[in-house]
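Colleague: Show me the folded form of this:
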Amino acid sequence: MVRVTVPATSANMGSGYDSIGIALELYNVIDLAENDHIDISDKNGQYVPQDESNLIYQCAKRVYDECGKPLSGLTIVEDCAIPQTRGLGSSSACTVAGIMGANMLLGEPLDRNAVIDLAATIEGHPDNSTPAILGGFCVALLEDGHVHHVRVPVHGAIDFVVFIPDFQLSTEKARAALPKTIAHHDAVYNLARAALLAGSLTTGKLENLDAATGDCLHQPYRFGLIENGEDIVREAKKLGALGTFISGAGPSIVAIVYKGDRDYITRAQEMCEKHYPHWKAVQLRCDEVGATAKRL
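Modeller: Predicted coordinates:
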């Protein structure tokens with residue numbers, strides 16, 4: 001049996017639509033072992049698909065197929081802390097777990113770059129899957145089945161507070177809200193801010209983060225699907241956030257905060273309890289390690 005631990009991720013980060021993401025210290029832990037049939041369960045009693053439709057199983061089988069190896073079945077035990085359909089990379093975490101688990105069961109025929117490429121190919125874009133594998137802050141693009149990526153540590157002066165609602169938003173619905181075309185000036189607006197975001201997060205030019213997380217490609221169209229989403233952004237900034245953005249397709253909202261502001265999380269939790277009871281605030285540091293796999 002092998003155990004794969006995969007961090008949550010927050011993609012887009014405002015201006016970096018489908019190209020920028022960060023790993024966060026919240027984890028899915030998945031155990032996998034070969035079996036002569038499919039046996040899938042969840043340690044916490046949550047519902048998970050228990051047949052071939054299970055995403056972890058599908059991704060593991062993809063690895064077996066790619067390597068020309070037969071697969072009769074798997075035992076999969078899920079222990080998932082990443083909330084589903086909240087914009088925190090739960091599907092990417094399952095994709096990565098299935099790939100890395102199967103790869104280890106087979107003796108690791110795929111190197112790290114092949115794992116990154118396959119995960120992004122299955123996902124369709126690399127902004128969640130790449131930081132889930134590598135950890136840290138990643139810029140990535142998928143082209144012709146290959147991910148071009150850069151992974152760098154996040155500046156040590158910042159932390160992240162994630163505002164998570166008690167309702168879900170499917171990626172499909174969030175993507176359907178986006179326009180089919182954009183204006184040239186909107187593209188320029190985001191290109192400039194995405195570049196500024198990458199440079200500022202890694203060098204510590206933190207005064208840029210409010211402007212750098214600005215976006216006009218996806219967030220304006222998605223806030224209408226997130227009850228109180230714009231209110232949370234406004235209040236998070238009032239509390240002292242350096243920058244805010246919708247996490248992935250939403251509905252979670254991420255605030256970038258000074259690590260030295262130790263009371264921010266308390267203020268954020270009190271604000272949610274008093275005014276927005278359907279939301280909770282959680283402090284999550286950047287995960288700098290990424291996904292790991294080991295034999296048990």
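Colleague: Look at the most centrally placed residue in the chain and tell me its secondary structure.
Modeller: Closest to where the C-alpha atoms of the chain average out (CA atoms, centre = their mean) is T9, at 2.3 Å. Judged by DSSP: H, G, I helix; E, B strand; the rest coil, the three-state class of T9 is strand.
Colleague: Based on its surroundings, how many neighbours for the closest residue to G101 other than its chain neighbours?
Modeller: The shortest distance from G101 to any non-neighbouring residue, by CB to CB, 6 or more residues apart in numbering, is to L32 (3.9 Å). For every residue, glycine as well, the C-beta is placed using N, CA and C. For L32, the neighbour count with other CB atoms under 10 Å is 27.
Colleague: re earlier: spit out the contact partners of the residue nearest to the residue nearest to the centre of the chain when sequence neighbours are not counted.
Modeller: Distances taken as CB to CB, 6+ apart place G89 nearest to T9, at 3.5 Å, with adjacent residues excluded. When contacts are counted by CB atoms under 8 Å, 6 or more residues apart in numbering, G89 touches 8-11, 21, 82, 128, 132, 248.
Colleague: closest to H148 among these?
Modeller: Nearest to H148, judged by CB to CB, of the contacts of G89 is G21 at 14.2 Å.
Colleague: quick one: buried residues of the longest strand along the chain?
Modeller: Assignment by DSSP state E gives strand 20-35 as the longest strand of the chain. Within strand 20-35, the residues scored as buried using 16 or more other CB atoms under 10 Å are 20-24, 26-32, 34.
Colleague: Which of these sits closest to L284?
Modeller: Distance to L284 across those (CB to CB) is lowest for L24, with 4.3 Å.
Colleague: what about the closest one, distance to D144?
Modeller: Using CB to CB, to the nearest Å, L24 is found at 30 Å from D144.
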